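*Asks:* please work out how this folds:
(chains A and B)
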Amino acid sequence: MRRLLSAIAIAMTLLAAPAQAQTIGYADAIDILSKSCGADIQKHCASATLANFGIGDCLSSSPISNTCSTALTRVTASLQARAEAQANAERICATDVRRLCPMTEAGRGRILRCLLKAAPSASDACNTAITNAGWR
Amino acid sequence: MMTRLLMAIACAVALPIATADAQTTLTRNQIVNSLYQTEGTVARLDPIALEREAAVRAASGGDNATGPLSDNFRRLPQISMEINFDRGSARIKPESYHAVGLIADAIHTPYLMGQRLVVVGHTDATGGRELNLRLSKERAASVMNALTTTFNVPPSQMVAIGLGEEQLEDPGNPDAAINRRVQIINLGQ
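*Replies:* Sure thing, here's the model as predicted:
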């Protein structure tokens, strides 16, 4: 019984892990900005473009509302964290790759797909890096 | 018995998570599924040659395009999305930021990572053919620019072309809204 319970505990931890991402995706980030900064975008950034960080740059150099300012800080931090997770995942998961995907040819997301399949056996650090990179 | 119990627990744990962001997950994953390439979906398409052909046709005059440029399109993994732009301009409207963000999220998954993608702009048949061609090129480029700068997609992975009104989705109703679309096509690796 104790073994069953600990197996369940492990299963629950693993299943819960992807939901605890410390970062958000681009669509969610943009949604937060649209909701909290819609009026400010309309007022100050009517000609700013989505490309080249146009909206973010315009908002951060405009007299925006407190709600928008808080949202902008949060979204910027989260997107930076995601970019960092993407950049660092290869290093963090290097041992897992050698252990779990030794025969996988590198490139085009193949190793990542192998790690996703092997998630229950991968290290917590690697699983967290993959989650925070938005790769699940 | 043990396996079934574990599975039941797994479902119970997974369900609330799935419900919490079902909307986002589903939609991003729908884009991934539509663009995911299998061996059965490989077809050849030269986007630049296709755009050149569209330009020749648009310059040939006449009010409306005569027929589709290529049937190769249908055999490739693709998705058509409604992205709204300012009138007569390539500026993406804020209401469509979410859609562009979703495309970015999909491209960043390991299932589309490193695939070569074509962003294709289309207009309806309202207005001149050459003007429509130019506008569709600018709009496709605008979507690609947003993806490759703000949304961190590697530029080497993408090319943008415009086909104006030369490849209508619904040739029977050339002015219908369904023709105004941005199409993403996966050319594979």
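
*Asks:* going forward, measure contacts between C-alpha atoms and count neighbours the same way
*Replies:* OK.

*Asks:* separation between the closest residue to B:Q167 other than its chain neighbours and A:G134?
*Replies:* What sits nearest to B:Q167 in space, not counting adjacent residues and going by Cα to Cα, 6 or more residues apart in numbering or on different chains, is B:P68, at 4.7 Å. Distance, B:P68 to A:G134, using Cα to Cα, to the nearest Å: 38 Å.

*Asks:* the more surrounded of the two?
*Replies:* Neighbour totals were compared for B:P68 and A:G134, and A:G134 leads with 24 against 13 (other Cα atoms under 10 Å in any protein chain shown).

*Asks:* would you map the strands across chain B?
*Replies:* Using DSSP state E, the strands of chain B run over B:78-81, B:116-122, B:158-162, B:181-188.

*Asks:* what is the shortest one packed up against?
*Replies:* Contact here means 3 or more Cα pairs under 8 Å, 6 or more residues apart in numbering or on different chains; DSSP states H and E; on that basis strand B:78-81 packs against helix B:22-35, strand B:181-188.

*Asks:* may I have that strand as PDB, with CA atoms only?
*Replies:* Extracted C-alpha coordinates of strand B:78-81, given in PDB (Å, rounded to 0.1, in the frame of the first residue of the first chain):
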ATOM      1  CA  GLN B  78      -1.400  24.400 -43.800                       C
ATOM      2  CA  ILE B  79      -3.800  26.600 -41.900                       C
ATOM      3  CA  SER B  80      -5.700  29.700 -42.900                       C
ATOM      4  CA  MET B  81      -6.300  32.400 -40.300                       C
END
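
*Asks:* what sits up against it?
*Replies:* Strand B:78-81 has contacts (Cα atoms under 8 Å, 6 or more residues apart in numbering or on different chains) with B:I31, B:S34, B:L35, B:A99, B:R181, B:V182, B:Q183, B:I184, B:I185, B:N186.

*Asks:* which among the residues you listed gets closest to A:R99?
*Replies:* Comparing those against A:R99 with Cα to Cα places B:L35 closest, at 30.8 Å.

*Asks:* how near is the residue lying closest to A:A118 once chain neighbours are set aside to A:A85?
*Replies:* Residue nearest to A:A118 in three dimensions, not counting chain neighbours: A:L100, with 6.9 Å by Cα to Cα, 6+ apart. Note on A:L100: its distance to A:A85, by Cα to Cα, is 20 Å.

*Asks:* more crowded one of those two?
*Replies:* Neighbour count, other Cα under 10 Å: between A:L100 and A:A85, A:A85 has more, with 21 against 18.

*Asks:* now the helix or strand the more buried one falls within: buried residues?
*Replies:* Element membership for A:A85 (DSSP states H and E) is helix A:66-92. Of the residues in helix A:66-92, A:68-69, A:71-72, A:74-75, A:78-79, A:81-83, A:85-86, A:89-90, A:92 count as buried by neighbour count, 16 or more other Cα atoms under 10 Å in any protein chain shown.

*Asks:* pLDDT at residue 79, what is it?
*Replies:* No chain was given, so I picked chain A. In the predicted model, A:L79 carries a pLDDT score of 84.

*Asks:* hmm, no, I was thinking of chain B.
*Replies:* Predicted confidence (pLDDT) for B:I79: 92.

*Asks:* ok, now A:A16?
*Replies:* Turning to A:A16, the model gives it a pLDDT of 41.

*Asks:* ok so, going back, which of the helices and strands packed on strand B:78-81 is buried the deepest?
*Replies:* Among the helices and strands packed on strand B:78-81, strand B:181-188 has the highest mean neighbour count (mean count of other Cα atoms under 10 Å in any protein chain shown), at a mean of 22.

*Asks:* alright, that wraps it up for me.
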